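Q: Structural data only, the sequence is not supplied:
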Ligand SMILES: Cc1cc2nc3c(=O)[nH]c(=O)nc-3n(C[C@H](O)[C@H](O)[C@H](O)COP(=O)(O)OP(=O)(O)OC[C@H]3O[C@@H](n4cnc5c(N)ncnc54)[C@H](O)[C@@H]3O)c2cc1C
């Protein structure tokens, strides 16, 4: 007979582990199984992320998610005690640079919304930028926005490890296996087929399979517009640009960078962007010389002597409709939930999304933070809920 679980979670990286922790915390004794095909997480976005958190989003719901997320990340060790490490949060802020008058106007409007939500976003002119960060050139900058608190970076694998250990301690079962099929009856997922041949009977399924979320939806006969898109990240040594207090800079010229233990993490959004092979993790090493370095050097003259220490490629679970997360119950199926399509900002959203899914599954409604805006119905309607502050 198939083993029965109240909730089966497909995918055991940060979103799967967070949902498992919140569910088992809210209801001790709940039978939760997390199925993870690769517990080394070698190619999970969670492990390949640049692990940063910001308040500067253009949708209020994303700001609210991060308002909760930053506090949770800051106090992770206490929330997860004794299973969560200190995540070493460095609150250096995010600095967005824009280069047009329209961009400056939009920045001001969005910053007002963020402040109304409790963020500390400041908007600067070029002269203020030059005064605050004299090692940066303000050339071409029409305005900048800076998060004076609650933004920075942290230990991604600590977040995952803490949620996993905490969920296990609360009774969740983690299985090293792959979800290969779903059993459906009367508009419900009744069982989950694993590559080992085992079937798990389930009360509900959460799809947390990241870049492969569309594969799992296809097992239920549903189309999800989420696909892997490659992003190459460079770790750079720049001996003449040692600025440990630098923020994470997002330049309108198409790259972002932040300090990392005496070195720098730098990446770009490729001009030719499209879906990639789910197995292709070869970094596009040429991007640094061709695209990134000229722009970085023009912005920060200290980057005159640089060495690429290493580079790696990770995949965004890219939501083609609007590059925003898809969270909630899939329309037409009574018990199939999603946490998918996070594009480039899903790590910081894991604490709030796991809590929200736990509420939705156990209580039938969002209680603490309403994530209805991120619901999957918009995909079926073709109605984008766009997040414009996309990196
Ligand atoms: C280069 C890069 C930089 C990023 N920077 C940031 C950042 O600064 N801040 C931020 O908030 N976010 C960032 N992100 C995004 C963030 O990393 C992701 O949104 C987040 O980690 C997604 O977590 P997840 O659990 O949904 O998916 P993943 O981490 O991709 O995990 C999905 C898991 O599902 C498993 N799986 C897949 N199919 C199956 C199956 N059939 N059966 C069982 N298991 C399966 C996989 O093995 C994997 O472990 C970045 C991403 C990348 C690639």
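A: Arrived safely. Not measured: the values here are computed from a predicted model. Residues are numbered from 1 along each chain as shown.

Q: The residue in the stretch 101-250 of the chain that the ligand sits nearest to - nearest residue in space that isn't next to it in sequence?
A: Proximity of the stretch 101-250 of the chain to the ligand (Cβ to the nearest ligand atom) peaks at residue 210, 2.4 Å away. To be clear about C-beta, it is placed using only N, CA and C from the backbone, and glycine gets the same treatment. If the residues on either side of it in the chain are set aside, residue 210 comes closest to residue 317, at 4.7 Å by Cβ to Cβ, 6 or more residues apart in numbering.

Q: Can you tell me which residues in this protein are near the ligand?
A: Selection of the chain residues close to the ligand by Cβ under 6 Å from any ligand atom yields 10-11, 13-16, 35-38, 41, 44-46, 48-52, 178-179, 208-212, 216, 231, 233, 314-316, 342, 344-348.

Q: I'd like to know which of those residues are buried.
A: For those, a burial check counting by 16 or more other Cβ atoms under 10 Å picks out 10-11, 13-16, 35-37, 41, 44-46, 48-52, 178-179, 208-212, 216, 231, 233, 314-316, 342, 344-348.

Q: Now, those residues that are in strands?
A: Of these, the ones assigned to strands by DSSP state E are 10, 35, 36, 52, 179, 231, 233, 314, 315, 316.

Q: Between which two of those is the distance greatest?
A: Across these, the longest distance by Cβ to Cβ is 29.8 Å; it joins 52 and 179.

Q: Now the terminal residues of stretch 126-141, how far apart.
A: Start and end residues of stretch 126-141 are separated by 6 Å (Cα to Cα, to the nearest Å).

Q: among the helices and strands of the chain, which has the poorest mean pLDDT?
A: Every helix and strand of the chain was ranked by mean pLDDT, DSSP states H and E. The lowest is helix 286-287, at a mean of 92.

Q: for the helix or strand following that one, packing partners?
A: Next in sequence after helix 286-287, counting helices and strands by DSSP states H and E, comes helix 293-299. Using 3 or more Cβ pairs under 8 Å, 6 or more residues apart in numbering; DSSP states H and E as the contact test, the elements touching helix 293-299 are strand 248-251, strand 255-260.

Q: Quick one: closest of those to residue 296.
A: Using Cβ to Cβ, the helices and strands packed on helix 293-299 put strand 255-260 closest to residue 296, at 6.3 Å.

Q: Which positions in the closest one come out as buried?
A: So for strand 255-260, counting by 16+ other Cβ under 10 Å, buried means 255, 256, 257, 258, 259, 260.

Q: The helix or strand where residue 145 lies pairs with which strands, parallel or anti?
A: Following DSSP H and E, one finds residue 145 within strand 143-147. Here strand 143-147 is paired, per DSSP bridges, with strand 94-98 (antiparallel), strand 121-124 (antiparallel).

Q: Turn those strands into JSON lines, including mean neighbour count and mean pLDDT.
A: Below are those laid out as JSON lines (neighbours: other Cβ atoms under 10 Å; pLDDT from 0 to 100):
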{"stretch": "strand 94-98", "mean neighbour count": "24", "mean pLDDT": "98"}
{"stretch": "strand 121-124", "mean neighbour count": "20", "mean pLDDT": "98"}
